[in-house]
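Q: pasting the sequence and the predicted coordinates here, then a few questions.
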Amino acid sequence: MSGANGHETEIKLRTAGPSSARKLLTRAGFRVSRHRVFEVNTLFDTAVLTLRGEQKLLRVREAGGVVTITYKGPPEVARHKSREELEAEAADAAAITRVFDRLGFRPVFRYEKYRTEYRRPRSSGVATVDETPIGTFLELEGSPAWIDRTARSLSFRESDYITLSYGRLYLHWCEEQGIEPANMVFSRGK
């Protein structure tokens with residue numbers, strides 16, 4: 001969800017699990033606004049990782065039968081992460097991948113998650129529960145004041161704020177686990 005001006009401001013908060021995250025949000029007056037959906041996110045870059053070097057992102061997301069192309073500009077990171085975000089829906093992920101290939105962009109990282117979106121009546125921000133292969137996160141997106149108020153109402157402190165992307169979180173997780181990074185995907189054996 002990017003703001004009307006094509007800008008997003010957000011944080012992530014680590015939670016004990018999906019059930020815990022749902023209970024926190026429900027107790028704080030949030031209700032499901034988009035039911036749980038499986039997402040496949042593919043990041044694209046040049047062979048020399050030009051976009052990564054410039055802290056930009058080009059992504060194709062497939063979720064619930066909808067394909068979304070996203071560009072994210074370099075983040076301004078302080079207490080919250082804020083950056084330009086431009087999105088457009090597309091009809092065919094494979095066709096977009098071929099277009100990106102012709103322009104010199106290749107898939108460089110894929111990550112999966114289950115996302116459930118929550119909103120509170122008469123509130124402008126959005127909270128999501130993101131179930132990933134490396135844990136469950138609450139993501140709060142809205143104005144900085146809304147994020148801070150909401151985090152406090154959920155019993156989180158500013159020191160709990162995470163401004164890293166899922167890609168960076170995955171790299172840190174791999175380092176902690178002592179494993180070689182690949183793609184952040186769920187095991188198909190489960």
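A: Nice, I can see it. Numbers count the residues shown, from 1 in each chain.
Q: surely Leu57 is in contact with Tyr71?
A: Yes: between Leu57 and Tyr71 there is a contact under CB atoms under 8 Å: 7.1 Å. From N, CA and C alone the C-beta is placed, and that goes for glycine too.
Q: max-length helix in this structure?
A: helix 166-177 (DSSP state H).
Q: which residues sit against the helix or strand of the chain with the lowest mean pLDDT?
A: Ranking every helix and strand in the chain by mean pLDDT, DSSP states H and E puts strand 76-77 at the bottom, with a mean of 85. The contact list for strand 76-77, computed with CB atoms under 8 Å, 6 or more residues apart in numbering, reads Ser82, Arg83, Thr163.
Q: adding secondary structure, write those residues out as a markdown table.
A: What follows is the contacts of strand 76-77, written out as a markdown table (DSSP: H, G, I helix; E, B strand; the rest coil):
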| residue | secondary structure |
| --- | --- |
| Ser82 | strand |
| Arg83 | strand |
| Thr163 | coil |
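Q: the residues you listed, buried ones only, as a PyMOL selection?
A: Of those, the buried ones can be selected in PyMOL as follows, counting by 16 or more other CB atoms under 10 Å:
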select buried, resi 82+83+163
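Q: one step back: of Leu57 and Tyr71, who's got more company?
A: Leu57 (22 against 16; other CB atoms under 10 Å).
Q: residue contacts, the more buried one?
A: Contact analysis of Leu57 by CB under 8 Å, 6+ apart lists Leu43, Leu51, Thr70, Tyr71, Lys72, Ser165.
Q: and those, which of them are buried?
A: If you count burial by 16+ other CB under 10 Å, the buried members of the contacts of Leu57 come out as Leu43, Leu51, Thr70, Tyr71, Lys72, Ser165.
Q: out of those, name the two that are farthest from one another.
A: Across the buried ones among the contacts of Leu57, no pair lies farther apart than Tyr71 and Ser165, at 14.1 Å, counting by CB to CB.
Q: of the buried ones among the contacts of Leu57, which belong to strands?
A: Here DSSP state E is the test, and those give Leu43, Thr70, Tyr71, Lys72 as lying in strands.
Q: about what we covered before: same for the longest helix of the chain, what does it pack against?
A: Counting contacts by 3 or more CB pairs under 8 Å, 6 or more residues apart in numbering; DSSP states H and E, helix 166-177 packs against strand 106-119.
Q: centre of the chain to the strand it packs on, how far?
A: Computed by CA atoms, centre = their mean, to the nearest Å, the chain-centroid distance of strand 106-119 equals 6 Å.
Q: count of neighbours near Ser155?
A: Ser155 has 10 neighbouring residues, counting by other CB under 10 Å.
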